[in-house]
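Student: structure, please.
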Amino acid sequence: MNDRKRSQLAWAFYDWANSSFAVVIMAGFFPLFFKEYWATSLDRTVSTFWLGVVNSSASLLIVLLAPILGALADQLGRRKGFLLILALLGIVMTCGLSLAGKGAWQLAMVFYLLAVTGFMGANVFYDALLMTVSGQNGQSGQSGQSGQESDRVSALGFALGYLGGGLLFAFCVLMTQQPHWFHIADAASAVKISFILVALWWALFTVPVLVYVKETHASRKLSRAAICVAVGRVFRTLRELKELRQAVIFLAAYWLYIDGVGTVIRMALDYGISIGFDSGQLILAMLITQFIGFPATFLYGRVTAYVDVRIGIFFGLAVYALVTVWGSLMQSVWEFYMLAVIIGLVQGGVQALSRSLFSRLIPEKQAGELFGFYNMVGKSAAVIGPVMMGGLGVLTGSPRLAILSLLVLFVGGFLLLLSVRVPPKAAT
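Tutor: The predicted structure follows:
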């Protein structure tokens with residue numbers, strides 16, 4: 001294996017590492033444990049509201065910090081360093097979740113808030129490194145070959161994330177359902193042990209990206225002057241964004257549709273519980289999504305060799321719109337399983353191709369800063385989605401109406417994305 005392939009695989013393995021947090025904690029055990037262990041004193045609709053608030057609060061922190069951190073990392077040439085610092089924050093706070101006792105929902109929210117902040121913040125720099133490992137140059141329009149390579153590498157990351165996250169999640173589910181097999185006192189203790197396992201998994205598989213992915217810029221020292229320059233660059237970039245018109249249009253579309261995708265990921269289990277499904281059945285549905293997501297996302301990365309990269313995203317958004325309508329009407333748990341299968345087919349593909357498409361629309365020398373904006377846009381959307389769904393549930397008393405509201409986000413994103421034009425040299 002040559003150095004280029006090794007660095008791409010090492011980069012992709014960070015998705016294997018941190019997806020354990022996304023799947024086991026964010027989508028799986030935290031919302032379930034929050035409702036049934038930490039927040040048992042709260043009404044179900046109220047606990048849903050607070051779950052939305054904590055997710056949105058973490059997203060808001062990244063909205064405020066991501067562009068500045070990205071610009072600073074570009075200037076210092078230390079994207080890996082910032083990734084490590086924020087990943088460590090997420091890892092330590094994930095361990096902290098195991099310390100929150102029964103009924104301590106406020107403490108659990110604090111640990112979770114900081115863990116999600118570390119998780120999302122590290123992703124700013126992980127995403128920016130995509131351009132380094134896929135060999136894209138410093139121009140806004142990349143060659144068709146490098147564009148397709150970024151599609152493939154981005155999809156490889158998400159595919160490994162689905163597999164790695166799914167494997168650890170399956171083990172943790174088994175441990176919580178059969179704690180006596182592992183000489184564990186009860187399911188609650190098994191969940192707390194799962195938090196620690198996620199932290200260890202995340203830490204272990206972060207090592208390859210730190211060792212094998214090489215920075216493209218010479219490192220400089222962190223100083224007050226460097227921070228001031230980074231802040232100035234953010235404001236300058238805001239003024240100059242008109243020169244990256246296609247990237248701006250894409251970000252507007254992405255802001256809408258990724259809000260819907262992220263809300264489905266974070267709130268699906270809570271929604272299933274709210275309409276009366278058994279938590280064990282819902283966790284099985286999540287496992288289905290994970291293991292279908294692995295091959296489906298991998299194949300999505302190959303699609304752009306034959307069709308425009310936007311077509312893959314369009315298809316995924318159309319599927320999400322249909323899933324939203326079906327989800328608002330479903331009555332049986334088998335329908336939840338079917339939706340899990342369908343979402344697994346497109347979820348990773350939409351995420352992977354969105355990241356890759358944005359990388360084609362921006363210059364590599366500003367990748368950290370502009371991926372800071374990319375993550376800022378994605379996370380600012382996540383500020384709205386969970387609160388919108390939780391708030392509508394409280395106001396109307398109907399979780400079905402709440403989930404149906406996500407249709408607006410998918411349709412709006414679809415329509416805006418129609419206006420995005422991939423630069424001719426990057427067309428597939």
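
Student: what about the closest residue to Pro67 other than its chain neighbours, how many residues nearby?
Tutor: Closest residue to Pro67 apart from its sequence neighbours, by Cβ to Cβ, 6 or more residues apart in numbering: Gly372 at 4.0 Å. (Each C-beta comes from the backbone N, C-alpha and C, glycine too.) Applying other Cβ atoms under 10 Å, we find 30 residues neighbouring Gly372.

Student: dump the residue contacts of Gly372.
Tutor: Contacts for Gly372 (Cβ atoms under 8 Å, 6 or more residues apart in numbering) come out as 66-71, 124, 128, 234.

Student: tell me the SS of it?
Tutor: helix (DSSP: H, G, I helix; E, B strand; the rest coil).

Student: next one: it from Pro295, what distance?
Tutor: Gly372 sits at a distance of 32 Å from Pro295 (criterion: Cβ to Cβ, to the nearest Å).

Student: for Val309, same thing?
Tutor: 20 Å.

Student: which of these two has more residues huddled nearby?
Tutor: Set Val309 next to Pro295 and count neighbours by other Cβ under 10 Å: Val309 wins out with 23 against 15.

Student: that one contacts Arg421, correct?
Tutor: No: contact criterion Cβ atoms under 8 Å: Val309 and Arg421 do not qualify, at 11.5 Å.

Student: picking up where we left off before, what about burial for the contacts of Gly372, which qualify?
Tutor: With neighbours counted using 16 or more other Cβ atoms under 10 Å, the contacts of Gly372 contain these buried positions: 66-71, 124, 128, 234.

Student: which one of the residues you listed is nearest Ala87?
Tutor: Nearest to Ala87 among the buried ones among the contacts of Gly372 is Val124, at 11.3 Å by Cβ to Cβ.

Student: gap between that closest one and Ser134?
Tutor: The value you get for Val124 to Ser134, if Cβ to Cβ is used, is 17 Å.

Student: how far does stretch 176-184 stretch from start to finish?
Tutor: End-to-end span of stretch 176-184 (Cα to Cα, to the nearest Å): 9 Å.

Student: now do that stretch: distance to the chain's middle.
Tutor: 30 Å (Cα atoms, centre = their mean, to the nearest Å).

Student: what's Leu129 sitting at in phi/psi?
Tutor: phi -70, psi -10 (degrees, to the nearest 10).

Student: do you know the pLDDT at it?
Tutor: pLDDT for Leu129: 86.

Student: same thing with Phe373?
Tutor: Reported pLDDT for Phe373: 77.

Student: how many neighbouring residues does it have?
Tutor: Burial of Phe373 is recorded as 25 neighbouring residues (other Cβ under 10 Å).

Student: what sits against it?
Tutor: Phe373 sits next to 66-67, 70, 237, 251 when contact means Cβ under 8 Å, 6+ apart.

Student: hmm, which helix or strand of the chain has the shakiest average pLDDT?
Tutor: Least confident element among the helices and strands of the chain, by mean pLDDT, DSSP states H and E: helix 367-396 (a mean of 71).

Student: isn't Val54 right up against Leu107?
Tutor: No: counting by Cβ under 8 Å, Val54 does not reach Leu107; the two are 11.8 Å apart.

Student: these two: which is more packed in?
Tutor: Val54 (19 against 15).
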